[in-house]
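Trainee: Need a 3D model of the sequence below.
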Amino acid sequence: MINHPSTQRDLPWRNLTELEIVLLKILTSQDFCGASILLKQIEFAMAKAGCECGCGTINLTCDREKVAPASVEHQPVPGEAHVLDESGSIVGGLILFARDGYLSCLEVFSDSRTELPLPQPSFIRPFIQEPYKAQDS
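Mentor: Residues are numbered from 1 along each chain as shown. Now for the predicted structure:
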């Protein structure tokens, strides 16, 4: 998992943006163990910048009194996405992490040295790491 600089940990938590909500819903709407609970957690989640490099990575927290933990057996969460450029080529990805069954980080990574912001939904292609498709989520 990403080693986030301590200066980012000191930032205040804020409500999720519309874009963050949409991206999280896309990733947690896939068929893997724990997905349905992670999807419910979005309503109770908050975010803050997760990295100083300029990418769109965000740290996440949830109100644990309002939502149950998910049974997520693997890290990162199996529901991921490729980030595409205008020509449809893969230029990076989205990886979702959960800690103790709760949403903890949405990482945006680039396949080059250019940092990627959070992509628009039309520029992602969701997928599940094959061995982790759920029998019952």
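
Trainee: Report the distance from stretch 28-41 to the chain centre.
Mentor: Centre-to-centre, stretch 28-41 and its host chain are 12 Å apart (Cα atoms, centre = their mean, to the nearest Å).

Trainee: And it, end to end?
Mentor: This stretch, stretch 28-41, spans 10 Å end to end (Cα to Cα, to the nearest Å).

Trainee: Which positions in that stretch come out as buried?
Mentor: For stretch 28-41, the neighbour count (16 or more other Cβ atoms under 10 Å) marks 28, 30, 32-35, 37-39, 41 as buried. In short, each C-beta sits where N, CA and C put it, glycine included.

Trainee: Any stretches of the chain with poor pLDDT?
Mentor: Within the chain, the stretches with pLDDT under 70 are 1-9, 130-137.

Trainee: Could I get the buried residues of stretch 28-41 in JSON lines, plus columns for secondary structure?
Mentor: Output for those, formatted as JSON lines (DSSP: H, G, I helix; E, B strand; the rest coil):
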{"residue": "28", "secondary structure": "helix"}
{"residue": "30", "secondary structure": "coil"}
{"residue": "32", "secondary structure": "strand"}
{"residue": "33", "secondary structure": "coil"}
{"residue": "34", "secondary structure": "coil"}
{"residue": "35", "secondary structure": "helix"}
{"residue": "37", "secondary structure": "helix"}
{"residue": "38", "secondary structure": "helix"}
{"residue": "39", "secondary structure": "helix"}
{"residue": "41", "secondary structure": "helix"}
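
Trainee: Return the closest of these with respect to residue 87.
Mentor: Set against residue 87, the nearest of those by Cβ to Cβ is residue 30 (24.8 Å).
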